[in-house]
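**Student:** the following block contains a protein sequence and its predicted model.
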Amino acid sequence: MEKTIAGKVINVNEEGYLLNMEEWNEDVAKELAQEENVELSPRHFEVLNYLRDQQKKEVALTIRGVGKSGVVDIKEFYVLFPKGPLKISSKVAGIPKPKSCI
């Protein structure tokens, strides 16, 4: 389905995840984050860019894996993205919902 995000018409699935990673940019991320009640800081973007890089490499994402990445530890990951850090950060990063997320 189509949704207007940051002034662009973007294809998303029924849960609001982008169907095409190439339609993502920082403005899209900010609007998606707002929907999740998260205000993005430069630190958030470090995590989002890490997730996007991992997705491009087709690495299966897990909270534990992100916590061991050296980019962010699990505790900070939960502080940055409360209420489901991997699920919310993946949506904001414009990547598919990881299989490890319910």
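**Tutor:** The structure has been received and is ready for your questions.

**Student:** let me see the ranges of the strands in the chain.
**Tutor:** For the chain, the strands defined by DSSP state E occupy 2-5, 8-11.

**Student:** could the ones you listed be laid out in a markdown table, adding mean pLDDT?
**Tutor:** As requested, the strands of the chain are exported to a markdown table (pLDDT from 0 to 100):
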| stretch | mean pLDDT |
| --- | --- |
| strand 2-5 | 94 |
| strand 8-11 | 95 |
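
**Student:** any chance of these in CSV, plus distance to Leu80 and mean neighbour count?
**Tutor:** In short, each C-beta sits where N, CA and C put it, glycine included. Listed next are the strands of the chain as CSV, based on distance: least, Cβ to Cβ, whole Å; neighbours: other Cβ atoms under 10 Å:
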stretch, distance to Leu80, mean neighbour count
strand 2-5, 21, 13
strand 8-11, 23, 13
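
**Student:** what's the closest of the ones you listed to Val92?
**Tutor:** Across the strands of the chain, Val92 has its closest neighbour in strand 2-5 (11.0 Å, Cβ to Cβ).

**Student:** circling back: would you format the strands of the chain as TSV with distance to Glu39 included?
**Tutor:** TSV is the format used below for the strands of the chain (distance: least, Cβ to Cβ, whole Å):
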stretch	distance to Glu39
strand 2-5	17
strand 8-11	21
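
**Student:** out of those, which comes closest to Ala29?
**Tutor:** Ala29 sits nearest to strand 2-5 of all those, at 9.4 Å, using Cβ to Cβ.

**Student:** send the alpha carbons of that closest one over as PDB?
**Tutor:** Below are the C-alpha coordinates for strand 2-5, written out as PDB (Å, rounded to 0.1, in the frame of the first residue of the first chain):
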ATOM      1  CA  GLU A   2       1.100   3.600  -0.500                       C
ATOM      2  CA  LYS A   3       1.700   6.100   2.300                       C
ATOM      3  CA  THR A   4       2.900   9.700   2.100                       C
ATOM      4  CA  ILE A   5       5.900  10.100   4.300                       C
END
